[in-house]
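**Student:** sharing a model that was predicted from the sequence below.
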Amino acid sequence: MEVGMYISDEEKGNRLIGQAAMHLIFGRQDVTVSSLLAELKLMAENESDDDVLMQMHETRRWLAGYRCLSSLSPERAGWLDDKISASFGLAMQSDE
């Protein structure tokens, strides 16, 4: 049962991040961890549902852990290493 609750909370957090990202995009602003955090804070100021406010707080807390990575290029952050290697390997195999 805990796993289902976790997935539900994760989906809610993802939805909140998506809403914040769309607000930023439609406002022609850069989407970064810092701008997402600021947008989620702004959204929370206009929210009256305590459950949603708690989810926003938890989402902002989780997202804040990635603030230092947002200042790095994807190559320096290392998060694409496996994907690039795997894609390159598949491209090399298909060309041979």
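**Tutor:** Thanks, I have the structure now. Quick caveat: nothing in here was measured; it's all calculated off a predicted structure.

**Student:** ok, longest helix in the chain?
**Tutor:** helix 2-26 (DSSP state H).

**Student:** mind listing residues that contact that one?
**Tutor:** 30-31, 35-36, 39-40, 43, 55-56, 58-59, 62-63 (Cβ atoms under 8 Å, 6 or more residues apart in numbering). For glycine as for every other residue, the C-beta is placed from the backbone atoms N, C-alpha and C.

**Student:** helix or strand right after it?
**Tutor:** As assigned by DSSP states H and E, the chain's next helix or strand after helix 2-26 is helix 33-45.

**Student:** and the helix or strand just after that next one, which residues are buried?
**Tutor:** Using DSSP H and E, the helix or strand that follows helix 33-45 in sequence is helix 50-64. Across helix 50-64, burial judged by 16 or more other Cβ atoms under 10 Å covers 55-56, 59-60, 63.

**Student:** pLDDT on helix 50-64, on average?
**Tutor:** Across helix 50-64, the average pLDDT comes to 90.

**Student:** dump the buried residues of helix 50-64 to JSON lines, plus distance to Ser8.
**Tutor:** Supplementary listing: those in JSON lines, determined by distance: Cβ to Cβ, whole Å:
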{"residue": "Gln55", "distance to Ser8": "10"}
{"residue": "Met56", "distance to Ser8": "15"}
{"residue": "Thr59", "distance to Ser8": "13"}
{"residue": "Arg60", "distance to Ser8": "18"}
{"residue": "Leu63", "distance to Ser8": "18"}
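
**Student:** what's the neighbour count on the closest residue to Gln29 other than its chain neighbours?
**Tutor:** Closest residue to Gln29 in three dimensions, ignoring its sequence neighbours and counting by Cβ to Cβ, 6 or more residues apart in numbering: Ser35, at 5.9 Å. A count of nearby residues for Ser35, using other Cβ atoms under 10 Å, gives 17.

**Student:** for Gln55, see how far away Ser35 is.
**Tutor:** To Gln55, Ser35 is 19 Å away according to Cβ to Cβ, to the nearest Å.

**Student:** and if you look at Arg67?
**Tutor:** 19 Å.
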